[in-house]
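Undergrad: Need coordinates for the below:
(chains A and B)
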Protein chains: 2
Amino acid sequence: MPHILRSDDIAFLLYDVLGIDDIATRPAFSETGREVFDQVLATAERIAEDHFQPHAAKLDANEPHFDGEQVHLIPELRHALDAYLDAGFLAAPFPPDLGGMGLPFTVHTAVSAWFAAANWSTANYPALTSAAANLLAHHASPEQKETWLTPLIEGRYFGTMCLSEPHAGSSVGDIRTRAEPQDDGSYRLFGQKMWISGGEHDLAENIVHLVLARIPGGPPGTRGISLFIVPRLIDGQRNDIRLIGLNHKMGCRGTVNCALSFGDVDGATGWLVGAPHQGLAQMFTMMNEMRIGVGMAASALALTGYLHALAYAQDRNQGRPLGAKDPAQPMVPIIEHTDIRRMLLQQKVWAEGAMALSLYMASLVDRQTSGDAEEARDATLRLDLLTPVAKSWPSEYGLRANEIAIQVLGGAGYTRDWPLERFYRDNRLNHIHEGTRGIQGLDLLGRKVPAQNGAALTQLLREVAADAQASALPGSETLAEAAQKIGQTTQTLLAANDPETMLANATLYCDTLGHLVVGWLWLRQAEAAHRLLPQATGSDAAFLQGKIAAYRFFLAHDLPQIQTWSTLLASLDRTALDTSAAQL
Amino acid sequence: MPHILRSDDIAFLLYDVLGIDDIATRPAFSETGREVFDQVLATAERIAEDHFQPHAAKLDANEPHFDGEQVHLIPELRHALDAYLDAGFLAAPFPPDLGGMGLPFTVHTAVSAWFAAANWSTANYPALTSAAANLLAHHASPEQKETWLTPLIEGRYFGTMCLSEPHAGSSVGDIRTRAEPQDDGSYRLFGQKMWISGGEHDLAENIVHLVLARIPGGPPGTRGISLFIVPRLIDGQRNDIRLIGLNHKMGCRGTVNCALSFGDVDGATGWLVGAPHQGLAQMFTMMNEMRIGVGMAASALALTGYLHALAYAQDRNQGRPLGAKDPAQPMVPIIEHTDIRRMLLQQKVWAEGAMALSLYMASLVDRQTSGDAEEARDATLRLDLLTPVAKSWPSEYGLRANEIAIQVLGGAGYTRDWPLERFYRDNRLNHIHEGTRGIQGLDLLGRKVPAQNGAALTQLLREVAADAQASALPGSETLAEAAQKIGQTTQTLLAANDPETMLANATLYCDTLGHLVVGWLWLRQAEAAHRLLPQATGSDAAFLQGKIAAYRFFLAHDLPQIQTWSTLLASLDRTALDTSAAQL
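TA: Numbering: from 1, shown residues only, chains lettered A, B, ... in the order given. This is a model prediction of the structure:
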């Protein structure tokens, strides 16, 4: 079937909109460059198509099961991961001294999008491993790196993150798992962990759990949490870790997710990473990248859903044009119908807009690591501000895109004969993990916006307004007006001087700012298309015209929401707060 | 678990808002009355709780399967249907001369909501049977009624509607199934039918398929379609009907849905209902009721999702209030958190608003059948206008409600340990069957609004504006302004004088009018609550205050969308139409 992603669209975003080939000339990326990126992306496309997509439906229908001894997964998953590892994708983003090729994070994110779009459940295993490896690369001792990081990067070991507990999810400061120090410098861990993706399987020689726990005597709350390496096997022997049970999910079914018990017998052996009580801070060094990764997955699922719906709409004949109802005339492809066309363009706007946001955020990570002091500082400011948006907006509008992708297919879209309903089920997760939608809104409006006297937001709004005013594309002035409106609204909210009232509709604030940023990135896409159009012909020209049309659609259909929501936000509406539990 | 529906809310809507007890005094309903309604509703609640809800998750996990001989369903389904039939629910809405008790359609709709909320998949079997019986009650000959209608009403036979074919779904005028007349007055049918709910099972003595087909020589298109009774068994022998295959759906998995082949051997025997070539018109006599039924199911799923989320939010402790972060303090129920409260109230507004719309529409059916000439005419006008809205709005906002119900539970909501993800999967169907979302928009703006020079819309807008202006509840004037805005927008659209442009965003028009009608019904709920409050105490008073709070929330959060969407609609935006297939 393909329709995974469009390589021309990914290239357009990376090079023509975000200028990643320019970033690649910097010393930090000296071993790479556009030619390498194109090869890497082409290989990702091929492996996604040959090894990831073919077993996606089968994996969804045959979720992991535990026979009391071990967790079973379909063999195609292991074969796909072998192809992924053989091509070097796990190592690629790590620096050469760690065995990688120093691939820019932006290109790595685009590569990951191919795998997430083809088969998100399978793609999660290396993604989790990469995140665990990254954490160790930042915080582990040289000896720990040699023992645990190297086999993770080689893909011989897989990794997990163990934060939540049955009684503590969003409220991570309330975790209770304790780590008792031993004479040999190791620790014994006791406690239960919940929602552990990749927590048990036989896909790798070992599983390296990165576990948050408390060292007795430490401070309460978030300041008393430490990070531990707790492997499934030590010298080939099972550590004291027990699978409590698998979680049976709505979607993303091929990714094992489970509850684990540490220390049922005499304690699970683990080793402290870095200094005591730094666990949450250490975990948060990776938070921007991890949340960008959630947004990327949501975007990838939205895009592949769009492309499947588009192909169906071109192929399926049904009905006739308005005013041409002669039943003797042949039926037309449904893409000719008004509402189908609207649903496709709306998906394009949301899905391509979300992917532009994800790759833009990734490019900020690269600017942060490779730019001079000023560029790095600006990138960090923007990155910190927009991470909640980059996690939330694609989760919201990617899901909506998948919802209408089903609608394009009608009854067929509602069956498991087509992958659309699976994309929709999978994508529903993205508002939940790595910080719920509500947490993102609180983080944005409660912390990120007020930080440094609002410097990050001011800078963003100024840049959006300047770009909009400089644009010759019709309607761009409304984008500048929207930026201004958000600035005023934010001042009203901050002046409320009452956190509860200010944050009562923080989720909506996050959507509102998301619309502005995505609108701005659509402006940048449309400007790039406008610039390239004179040299383009045929399908290339149509592609570029489509970008301009999508920008126009965004301005007409989506951008006006900013004014509506801002008015609501500025009214400091407390209706929900003032409604008691008994009244609900 | 219960949390199916709230009986006090249903009673409030039926009696205090819609005045159904007044309607019940009319001669048409002489055998009923409020006392009877309350008994019937209490019985529905009990059977829904005891027999429908308990097997809902099991049925979802064990969908119907075909072993090559017959379709198997879990036995609990049969037991639940026995309880339903024994209580007389199938017969209840039919007139006494057909064996029923002449229950008003509004009360029947409320009864059906209990079963849909408890277990929609199981509830579909009697709902389909009731619809088939209703069609025969209107159009079949006395002899056909005796042979087929009586056992349907008794629940010994079950019914189906066979409209779609593999190549013809929304475009029903393109069906090809043909019916060859025989010497004995019967017909032999040849063709394939798709998406047949209840198409094959062993739950009843027989299945009565109501099949649309063409008699050779008839006119092409929709005007040459006839309606036939085609039973699964004739005198105990299998008719020439073959199960091609079951459809495996995203949700609503317990309701058999399949493709059937008629006449693989020598033709399936059937009998014409009424005159030739009247099939579509006959089918459409039931369309208002059937589409109200879809909206009711969407509303019921939204409501039960809300009540489950509400119970969870009162029970689950997590985190602490803003500004009280001392980890030594106990965690609070999540209903105390801003964003949870907002998500609950938003669900309440959408779910209770959708149910109010469904029951209001049902009350129009009762006014149509029991009122004097003027009342009947007005009810018909309103009913025809708003049927697309009553089908679409609950499907859209009911689904959104289920989406955020999952979010209230976080990770738990994403697992199959809780029913929230099932409600969401089930509810996704409602935009698709009985006329897709796009079809509803075209029907509303292309046919219903322009009919009779816009009389129905004018009357509606006038009534909404008058009620809003007469209200002393703060903010009601914005409802009157919204009605005015929709009036102006509609004139602009009709004046476009180009069907393609006028209908380019017809789906959005349908949402816009839906917001107005639901806002008006919230005003009516809030007015009723305001009227009753002085006599109420305790939880009754809290319930009424909650209705007023929900109205306030609707005014602040939902109503403003009417202005935004109307502006877009009045701009006659053609972006999607003008974007070519190659540009998508």
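Undergrad: From A:K325, how far out is the residue nearest to A:A328 when sequence neighbours are not counted?
TA: Leaving aside its sequence neighbours, A:A328 sits nearest to B:P220 (C-beta to C-beta, 6 or more residues apart in numbering or on different chains; 6.1 Å). Every C-beta, even on glycine, is put in place using the N, C-alpha and C of the backbone. Here the criterion is C-beta to C-beta, to the nearest Å. By it, B:P220 lies 11 Å from A:K325.
Undergrad: For chain A, which helix extends over the most residues?
TA: When chain A is parsed with DSSP state H, its longest helix is helix A:373-409.
Undergrad: That helix near chain B anywhere?
TA: Yes: looking at helix A:373-409 against chain B by C-beta under 8 Å from any C-beta of the partner chain, the contacts come from A:399, A:403, A:406-407.
Undergrad: Identify the residue of the stretch 51-200 of chain A closest to chain B, quick one.
TA: Closest to chain B within the stretch 51-200 of chain A is A:S171: 4.2 Å, counting by C-beta to the nearest C-beta.
Undergrad: Now do that residue against A:G446, distance only.
TA: 15 Å.
Undergrad: Same question for A:R291.
TA: 16 Å.
Undergrad: How about A:W522?
TA: Remark: distance between A:W522 and A:G446 (C-beta to C-beta) = 28 Å.
Undergrad: quick one, which of those two is more surrounded?
TA: The neighbour comparison of A:W522 against A:G446 (other C-beta atoms under 10 Å in any protein chain shown) goes to A:W522, with 27 against 17.
Undergrad: May I ask which helix or strand encompasses the more buried one?
TA: According to DSSP states H and E, A:W522 maps onto helix A:506-532.
Undergrad: looking at this, A:S261 is in a strand?
TA: Yes: secondary structure of A:S261 (DSSP: H, G, I helix; E, B strand; the rest coil): part of a strand.
Undergrad: Tell me the bridge partners for it.
TA: Bridge pairing for A:S261 (DSSP bridges) gives the partners A:Q192, A:R242.
Undergrad: That one is in contact with A:N239, isn't it?
TA: No: using C-beta atoms under 8 Å, A:S261 is not in contact with A:N239, being 11.6 Å away.
Undergrad: Name the residue in these two with the higher neighbour count.
TA: A direct count of neighbours by other C-beta under 10 Å for A:S261 and A:N239 places A:N239 higher, at 20 against 17.
Undergrad: pLDDT wise, what is that one at?
TA: Per-residue pLDDT puts A:N239 at 98.
Undergrad: Surely it and A:A268 touch.
TA: Yes: using C-beta under 8 Å, A:N239 makes contact with A:A268 at a distance of 5.1 Å.
Undergrad: quick one: is the one helix or strand A:S363 maps to near chain B?
TA: Using DSSP H and E, A:S363 sits within helix A:338-370. Yes: counting by C-beta under 8 Å from any C-beta, chain B is contacted by helix A:338-370 at A:338-346, A:348.
Undergrad: Would you mind listing what in the stretch 101-250 of chain A touches chain B?
TA: The stretch 101-250 of chain A has residues A:164, A:167-171, A:173-174, A:194-195, A:220-222, A:247-250 near chain B, with proximity defined as C-beta under 8 Å from any C-beta.
Undergrad: Out of these, name the ones that lie in helices.
TA: Among these, no member falls in helices (criterion: DSSP H).
Undergrad: hmm, back to that, the helix holding A:S363 to helix A:506-532, inter-axis angle?
TA: Angle, helix A:338-370 to helix A:506-532, by axes from the mean of the first three to the mean of the last three C-alpha atoms, to 10 degrees: 90 degrees.
Undergrad: Show me which helix or strand of chain A is least confident by mean pLDDT.
TA: The helix or strand of chain A with the lowest confidence, counting by mean pLDDT, DSSP states H and E, is helix A:20-23 at a mean of 89.
Undergrad: Can you pull out the residues in contact with the following helix or strand past that one?
TA: From helix A:20-23 onward toward the C-terminus, using DSSP H and E, the following helix or strand is helix A:34-47. The contact list for helix A:34-47 (C-beta atoms under 8 Å, 6 or more residues apart in numbering or on different chains) reads A:4-5, A:7, A:10-11, A:14-15, A:20-21, A:24, A:80, A:83-84, A:87, A:89, A:92, A:101, A:103-104, A:107, A:110-111, A:114-115.
Undergrad: I figured A:P126 was touching A:A83, is that so?
TA: No: in this structure, A:P126 is not within contact of A:A83 by C-beta under 8 Å, at 11.1 Å.
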